[in-house]
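K.L.:
what shape does this take:
(2 chains)
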Number of protein chains: 2
Amino acid sequence: MSRTEIAQLGEFGLIERIKSKSQLRNTSSLLSIGDDAAIVAPPQSTQMVISTDMLIEGVHFDLSFAPLSHVGYKAVVVNVSDIAAMNALPSQILVSIALSNRFSVEAVDELYEGISKACENYKIDLVGGDTTSSPSGLVISITVVGFGDPNNLVSRSQAKMNDVVCVSGDLGAAYMGLNILSREKMTFKQNPDMQPDFRQEHEYLIRRQLMPEAKTDLIHELAELQVVPHAMIDVSDGLASEALHICKQSGVGMYLFEDKLPIENETKLAASEFNISPTTAALNGGEDYELLFTLSPQAFEKIKHLPDVFPIGIVKEKEQGAHLVTSAGEKVPIQAQGWKHF
Amino acid sequence: MSRTEIAQLGEFGLIERIKSKSQLRNTSSLLSIGDDAAIVAPPQSTQMVISTDMLIEGVHFDLSFAPLSHVGYKAVVVNVSDIAAMNALPSQILVSIALSNRFSVEAVDELYEGISKACENYKIDLVGGDTTSSPSGLVISITVVGFGDPNNLVSRSQAKMNDVVCVSGDLGAAYMGLNILSREKMTFKQNPDMQPDFRQEHEYLIRRQLMPEAKTDLIHELAELQVVPHAMIDVSDGLASEALHICKQSGVGMYLFEDKLPIENETKLAASEFNISPTTAALNGGEDYELLFTLSPQAFEKIKHLPDVFPIGIVKEKEQGAHLVTSAGEKVPIQAQGWKHF
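P.N.:
Predicted structure coming up:
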């Protein structure tokens, strides 16, 4: 594969290249890449939700097993997921990248291929960003914007007593995917002649780790059924950590039922390979990018038929605390492990 | 000075700390730090301008001579300047930081002290961001949002024939400040016993480099006088580079007059110390964060009395190209040097 140095294009050449490959889909995007700022027209009577995430090579992704296009795709998805967690849909993103001289123009193309693919899938416009050099590795910082009806926006702080706690999909898979990728990397390091052991049964887990999707489908479905959750958050740091955020910010307690946690068979099998309890993978694994939300029992009745609604618990009084009710009927306090960046 | 490790606080503790020190000033900021996204209410009948800048230690700033509070202040200012360049005022920012374990909680406090000071001065609310670890050094990524009357927003692409080209203040000072700081750093490295030679005559230059201001005053003045420029850009990469952006994006030519370039005496003196032509410092130095704009001769009449309006050129037909008319009356083609990141 040919290698073109970024210095050959220069910063402005690189920006031109990125711009030429991006297309606008939303009428709200009035002025895109190539000026001091982008101009966006907020749709009538909406409020804006805005979120940002920074991904660092060696902390959030490992290019020894994650292709650049997957990294780009996932970088957009984790941001989209934050907007979905507000019960809104994203419409614009700004993407900043810092690159060391290890990266060629072709590498940047691959990264933006993933970014563009995610923009296409989630109907988002890339309207701005920044490009710069980095002394070491790749940094991707994305800001995402969405607009929603003020009556529909959902924070973490309005969970109510007796709300049903739901999650939008299975948990723990991305974490087991990471374990498998890390193991194969170690094996490969020790014995470069060995083929990595990526069995078909692991395909789902690896996909959940490298190319997750944000649950915007659920946001569309909730809108159609005119159901607005009381509280919502996306599961990036693990179910336990997110449940505790809702409890703290809403001033409530919560019971989650171990029996009800949606965990795929592939996840259970891999967990047993690694001597990890599947419940631990689900509670503390993270990077699932499912939505965790609470809503009234009446509202739950309206959406319980949806394929991506799994009731897993109930909102309690604050004094009852946050507990996992195990399959054996024991109450175990929920503790956040989450991702430790520091 | 005491040192608290960030690991002692953890990511959520750090976010709490940052949140507790930030205050909201704008009624449009509805939900701030601590949810999946911030919620902002766009003021009636406005359009949003949004911009982002990423600053990397060792590329954009050097902590051996820039105090962290200055770095934080400047990081906000460079973003504010982008919004001003659209003829708008900023109202919200999101700040993401990546930190290596070299940085303590006290260091983060100092950084946010500068960020908060800039937010106060420019009436901006810090409503979100991200914090993460970094394998090396400090990365700051800021996204800034502002709202403006659609009829007042100004891009780079509408400069018209015979427009007067103006700049909002003196040029080249920040570049000479950087030269002085770099020289003193080298001297100090070679001979640590020597005192750095920061003479009073250099104070202005060093301040322009380390703690520049964005020209939002001019945006207020233009609004009061009901003058809307045809094209505007902020001078971050040097006057030459920015003038060429306007020419290219507006499809026009431009004459700039060497005699008219506002250059402070301190800048001229330092330029002669370094054997640099002051005109070169002004044209190619960069980081001035002044506004370069074009407007009709009639509109210019309305604002020419303002202290921060310096007419420096005239918009010509595209065929005439972009030229500097020297003091000797020669026409020299303008060439972009700008900052080479790659």
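
K.L.:
end to end, how far does stretch A:230-241 reach?
P.N.:
Terminal residues of stretch A:230-241 are spaced 18 Å apart (C-alpha to C-alpha, to the nearest Å).

K.L.:
correction: the previous question concerned stretch A:119-129.
P.N.:
14 Å.

K.L.:
please tell me how far the most centrally placed residue in chain A sits from residue B:254.
P.N.:
Ranked by distance to the mean C-alpha position of chain A (C-alpha atoms, centre = their mean), the top residue is residue A:78 at 3.2 Å. Using C-beta to C-beta, to the nearest Å, we find residue A:78 at a distance of 43 Å from residue B:254. In short, each C-beta sits where N, CA and C put it, glycine included.

K.L.:
so what's residue A:76 closest to, chain neighbours aside?
P.N.:
residue A:118 (3.6 Å; C-beta to C-beta, 6 or more residues apart in numbering or on different chains).

K.L.:
if I read this right, residue A:145 contacts residue A:89, doesn't it?
P.N.:
No - the pair residue A:145 and residue A:89 fails to qualify as a contact (C-beta atoms under 8 Å) at a distance of 10.6 Å.

K.L.:
what residues are shared contacts of these two?
P.N.:
Shared contacts of residue A:145 and residue A:89, defined by C-beta atoms under 8 Å, 6 or more residues apart in numbering or on different chains, comprise residue A:83.

K.L.:
which residues sit in contact with residue A:85?
P.N.:
A:154, A:232, A:233, A:234, A:291, B:36, B:37.

K.L.:
narrow those residues to those that are buried.
P.N.:
A:154, A:232, A:233, A:234, A:291, B:36, B:37 (16 or more other C-beta atoms under 10 Å in any protein chain shown).

K.L.:
any chance of CSV for those, columns distance to residue A:161?
P.N.:
Converted to CSV, these look like this (distance: C-beta to C-beta, whole Å):
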residue, distance to residue A:161
A:154, 17
A:232, 17
A:233, 18
A:234, 23
A:291, 21
B:36, 23
B:37, 26
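
K.L.:
which single one of these is nearest to residue A:93?
P.N.:
residue B:37 (12.7 Å; C-beta to C-beta).

K.L.:
contact partners for the residue lying closest to that closest one once chain neighbours are set aside?
P.N.:
Nearest residue to residue B:37, sequence neighbours excluded (C-beta to C-beta, 6+ apart): residue A:51, at 3.7 Å. By C-beta under 8 Å, 6+ apart, the contact list for residue A:51 reads A:79, A:82, A:83, A:143, A:144, B:36, B:37, B:38, B:94, B:128.

K.L.:
right, and out of the residues you listed, which lies closest to residue B:162?
P.N.:
If you rank these by distance to residue B:162 using C-beta to C-beta, residue A:143 comes first, at 38.8 Å.

K.L.:
where do the helices sit along chain A?
P.N.:
With helices called from DSSP state H, chain A shows them at A:6-20, A:68-84, A:105-121, A:173-190, A:203-210, A:216-224, A:239-250, A:265-273, A:278-284, A:297-303.

K.L.:
tell me what the longest one is packed against?
P.N.:
Just to be clear, that refers to helix A:173-190. Secondary-structure packing of helix A:173-190 (3 or more C-beta pairs under 8 Å, 6 or more residues apart in numbering or on different chains; DSSP states H and E): helix A:203-210, helix A:265-273, helix A:278-284.

K.L.:
residue A:326: neighbour count?
P.N.:
13 (other C-beta atoms under 10 Å in any protein chain shown).

K.L.:
can you check the one 3 residues further on too?
P.N.:
Applying other C-beta under 10 Å, we find 8 residues neighbouring residue A:329.

K.L.:
now swap in the one 3 residues further on and tell me
P.N.:
Neighbouring residues of residue A:332 were enumerated by other C-beta under 10 Å; the total is 14.

K.L.:
could you pull up the residues touching the nearest residue to it once chain neighbours are set aside?
P.N.:
Spatial nearest neighbour of residue A:332, chain neighbours left out: residue A:324 (4.8 Å); criterion: C-beta to C-beta, 6+ apart. Neighbouring residues of residue A:324 by C-beta under 8 Å, 6+ apart: A:255, A:256, A:257, A:258, A:279, A:283, A:331, A:332, A:333, A:334.

K.L.:
partner residues bridging residue A:324?
P.N.:
residue A:256, residue A:332 (DSSP bridges).

K.L.:
what's the distance between it and residue A:279?
P.N.:
With the distance defined as C-beta to C-beta, residue A:324 ends up 8 Å from residue A:279.

K.L.:
for the residue lying closest to residue A:73 once chain neighbours are set aside, give me its contacts.
P.N.:
With sequence-adjacent residues excluded and distances taken as C-beta to C-beta, 6+ apart, residue A:73 is closest to residue A:114, at 3.7 Å. Contacts for residue A:114 were tallied using C-beta under 8 Å, 6+ apart; they are A:68, A:69, A:70, A:71, A:72, A:73, A:74, A:75, A:76.

K.L.:
got a winner among the contacts of residue A:324 for most neighbours?
P.N.:
Most surrounded of the contacts of residue A:324: other C-beta under 10 Å gives residue A:283, at 27 neighbours.

K.L.:
bridged to residue A:316, which residues?
P.N.:
residue A:253.

K.L.:
so who does it touch?
P.N.:
Here residue A:316 is in contact with A:161, A:252, A:253, A:254, A:255 (C-beta under 8 Å, 6+ apart).

K.L.:
would you mind giving these as JSON lines with pLDDT added?
P.N.:
Output for the contacts of residue A:316, formatted as JSON lines (pLDDT from 0 to 100):
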{"residue": "A:161", "pLDDT": "97"}
{"residue": "A:252", "pLDDT": "98"}
{"residue": "A:253", "pLDDT": "97"}
{"residue": "A:254", "pLDDT": "98"}
{"residue": "A:255", "pLDDT": "97"}
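
K.L.:
buried subset of the residues you listed as a ChimeraX selection?
P.N.:
Here is the ChimeraX selection string for the buried members of the contacts of residue A:316, based on 16+ other C-beta under 10 Å:
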select /A:252,253,254,255
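
K.L.:
would you convert the contacts of residue A:316 into CSV that also reports distance to residue B:123?
P.N.:
CSV is the format used below for the contacts of residue A:316 (distance: C-beta to C-beta, whole Å):
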residue, distance to residue B:123
A:161, 40
A:252, 36
A:253, 40
A:254, 39
A:255, 45
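
K.L.:
so does the worst-scoring helix or strand of chain A on mean pLDDT get close to chain B?
P.N.:
Using mean pLDDT, DSSP states H and E, the weakest-scoring helix or strand in chain A turns out to be helix A:6-20, at a mean of 85. Yes - counting by C-beta under 8 Å from any C-beta of the partner chain, chain B is contacted by helix A:6-20 at A:6, A:7, A:9, A:10, A:11, A:14.

K.L.:
with only the CA atoms kept, save that helix in CSV.
P.N.:
Extracted in CSV, the C-alpha atoms of helix A:6-20 (Å, rounded to 0.1, in the frame of the first residue of the first chain):
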residue,chain,number,x,y,z
ILE,A,6,0.7,14.4,5.6
ALA,A,7,3.4,17.1,5.2
GLN,A,8,3.0,16.6,1.4
LEU,A,9,-0.7,17.8,1.7
GLY,A,10,-0.2,20.2,4.5
GLU,A,11,-2.9,21.1,7.0
PHE,A,12,-5.1,23.0,4.6
GLY,A,13,-4.7,20.2,2.0
LEU,A,14,-5.7,17.7,4.6
ILE,A,15,-8.8,19.7,5.5
GLU,A,16,-9.8,20.0,1.8
ARG,A,17,-9.4,16.3,1.4
ILE,A,18,-11.6,15.6,4.4
LYS,A,19,-14.2,18.1,3.3
SER,A,20,-14.4,16.8,-0.2
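
K.L.:
next, the buried residues of stretch A:121-137.
P.N.:
So, applying 16+ other C-beta under 10 Å, buried residues of stretch A:121-137: A:122, A:124-134, A:136-137.

K.L.:
now stretch A:148-159
P.N.:
Quick answer for stretch A:148-159 (16+ other C-beta under 10 Å): A:148, A:152, A:153, A:154, A:155, A:156, A:157, A:158, A:159.
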